[in-house]
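Asks: What follows is a predicted protein model with its sequence.
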Amino acid sequence: MGGQGTPQWDVLLVVTSDRYGLELFGSVRRLIGAALRNGRSVQVWACGYSAMLTQRGNAVSPAADQESRETGAPAAGQGCCAGSAAAQIGQLITEQGGRFSWLACQTCSDDRGAGEHIAGVPSPSLTQFSDYVDAAAKTIYIGGG
Amino acid sequence: MLPEPASPREPCQPRQPGTPQLLVETQCLESQCRVPHGTASRFLRAARHLAASGRPVIVFLIDDGVRSAVGPQPGVTGILTAGGQVWADRESLADRAIPAAQLTPGVVAAALDKVAPLLFDPAVQVVWH
């Protein structure tokens, strides 16, 4: 990651407030969409409760989950969970390829007892955070008090 | 018209005088919220001071922040008279059934896609509150 060369990502969106995981994921989703439509690649670092959004159980039906485990490919949302945040994030990963990435902070995930995340969502440690900042041309923190 | 973006790998370089600062407020004023956060008015006051100092300042109100610009609001009017701009997210307004006609005079309803070029421009300093 990172270094002093050309940034790999246009935008790193750091979601630091539980509000964006609990009640305002729609705003995060809108920001991602606006960035992509603006021609920017965007990586999201999900902290706090936002790190819980991509747990496997929140995303897909059991059948799709099993298929994803076997193939290693991100599972699209199906059935009861098609509109969930996890399903939407999984769909973006699949559709946008290298222009979108969602990172679930491992430290926040561990603090909250999160289970396994959906395929395509890495869980870097907070100690790696600066590498991701270095890898982006611009970092925006959303949240705070 | 925005200045050409500086090199994206020089975030610590001094800002060009004409580089806008985009201040994003997501919370309603203390007097408007059932559970007030207590800092929105201070954030708007900081925006007014920045605008009065001659910096190009744009305040973008989103989520509950759009409530800050309903009706006559001295905090918002102060930013405008100091030379700043205030935009309110169109979708957040619609979600709260706030017609644009109810906005503080001078506040512009704007789609997020109109704000995106500024928001994601490496040369534009963004403060999200």
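Replies: Ah, there it is. Numbers count the residues shown, from 1 in each chain, chains lettered A, B, ... in the order given.
Asks: residue contacts, residue 129?
Replies: Unless you meant another one, I'm taking chain A. Remark: with contacts taken as CB atoms under 8 Å, 6 or more residues apart in numbering or on different chains, A:Phe129 is in contact with A:Trp45, A:Cys105. Quick note: C-beta positions are derived from backbone N, CA and C, even for glycine.
Asks: try chain B instead
Replies: With contact set as CB under 8 Å, 6+ apart, B:His129 has these partners: A:Gly144, B:Leu23, B:Val24, B:Glu25, B:Thr26, B:Gln27, B:Thr39, B:Ala40, B:Phe43.
Asks: Would you mind giving those as JSON lines with secondary structure and distance to A:Ser27 added?
Replies: As requested, these are exported to JSON lines (DSSP: H, G, I helix; E, B strand; the rest coil; distance: CB to CB, whole Å):
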{"residue": "A:Gly144", "secondary structure": "coil", "distance to A:Ser27": "14"}
{"residue": "B:Leu23", "secondary structure": "strand", "distance to A:Ser27": "16"}
{"residue": "B:Val24", "secondary structure": "strand", "distance to A:Ser27": "10"}
{"residue": "B:Glu25", "secondary structure": "strand", "distance to A:Ser27": "13"}
{"residue": "B:Thr26", "secondary structure": "coil", "distance to A:Ser27": "8"}
{"residue": "B:Gln27", "secondary structure": "coil", "distance to A:Ser27": "12"}
{"residue": "B:Thr39", "secondary structure": "coil", "distance to A:Ser27": "18"}
{"residue": "B:Ala40", "secondary structure": "helix", "distance to A:Ser27": "16"}
{"residue": "B:Phe43", "secondary structure": "helix", "distance to A:Ser27": "17"}
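Asks: Closest one to B:Phe120 out of these, please.
Replies: Of all the contacts of B:His129, B:Val24 has the smallest distance to B:Phe120: 12.5 Å, by CB to CB.
Asks: number of nearby residues for that closest one?
Replies: When counting by other CB atoms under 10 Å in any protein chain shown, one arrives at 22 neighbours for B:Val24.
Asks: For it, give me its contacts.
Replies: Applying CB under 8 Å, 6+ apart to B:Val24 gives the contacts A:Ile142, B:Val59, B:Phe60, B:Leu61, B:Ile62, B:Gly65, B:Leu119, B:Val126, B:Val127, B:Trp128, B:His129.
Asks: Put together TSV for those, with secondary structure on each row.
Replies: Conversion of these to TSV gives the following (DSSP: H, G, I helix; E, B strand; the rest coil):
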residue	secondary structure
A:Ile142	strand
B:Val59	strand
B:Phe60	strand
B:Leu61	strand
B:Ile62	coil
B:Gly65	helix
B:Leu119	helix
B:Val126	strand
B:Val127	strand
B:Trp128	strand
B:His129	coil
